[in-house]
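> Structural data only, the sequence is not supplied:
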């Protein structure tokens, strides 16, 4: 068997990377995009675009935390998609009276007091510090499950662990946050 010419090596490496990405991340990415877009075709398109960007990035840089990188690419794609939709959409204009606008502005102003803003920032900072106290895997699994609404089965497949192990990570993080939140 003759070795392949050197010019075909990147193509083979790209094909192998594409297959690995597809087998490991297609389900979780489709779920990630599907929950947010409620459009399977859009989710499929964004998943393919994520794969394209990851393959392109892998040629120019070393990716150390692949799971985090993949979902950062996905989050960026989702933001880009939302911006394009906002710019290109023909929003429906509904008639609105001056009184209803004033009422809405008053309601928003009442809810956004400086005290509430400060309390919200303090609470968020406290939660973020608490999450940083967790191990990286526990924190990442908790974020995927609670904030990204990813199914435990998909998380288990992503990390190559059992569903019960995912449940234990989520419980550990939840208990840690509950205990940290109960302290002054």
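On my side now, so go ahead. Since the model is a prediction, treat every value here as computed from it, not as a measurement. Numbers count the residues shown, from 1 in each chain.
> Tell me, what's the model's pLDDT at residue 121?
Predicted confidence (pLDDT) for residue 121: 66.
> How about residues contacting stretch 166-174?
By C-beta atoms under 8 Å, 6 or more residues apart in numbering, the residues outside stretch 166-174 that reach it are 131, 134, 137-139, 141-142, 145-146, 152, 155-156, 159. Quick note: C-beta positions are derived from backbone N, CA and C, even for glycine.
> Rebuild the residues you listed as TSV, extending it with secondary structure and distance to residue 42.
TSV is the format used below for these (DSSP: H, G, I helix; E, B strand; the rest coil; distance: C-beta to C-beta, whole Å):
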residue	secondary structure	distance to residue 42
131	helix	30
134	coil	33
137	helix	30
138	helix	32
139	helix	29
141	helix	27
142	helix	27
145	helix	23
146	helix	24
152	helix	25
155	helix	23
156	helix	26
159	helix	26
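> Just the buried residues of those residues.
Using 16 or more other C-beta atoms under 10 Å as the burial test, the contacts of stretch 166-174 include 131, 134, 138, 139, 141, 142, 145, 152, 155, 156, 159 as buried.
> least confident pick among these?
Lowest pLDDT among these: residue 131, 82.
> can you pull the contacts of it?
Residue 131 is in contact with 139, 142, 143, 173, 177, counting by C-beta under 8 Å, 6+ apart.
> how close does the second one get to residue 132?
Okay, so that is residue 142. Distance of residue 142 to residue 132, computed by C-beta to C-beta, to the nearest Å: 12 Å.
> for the last one, same thing?
According to C-beta to C-beta, residue 177 stands 12 Å off from residue 132.
> Right, I'll leave it there.
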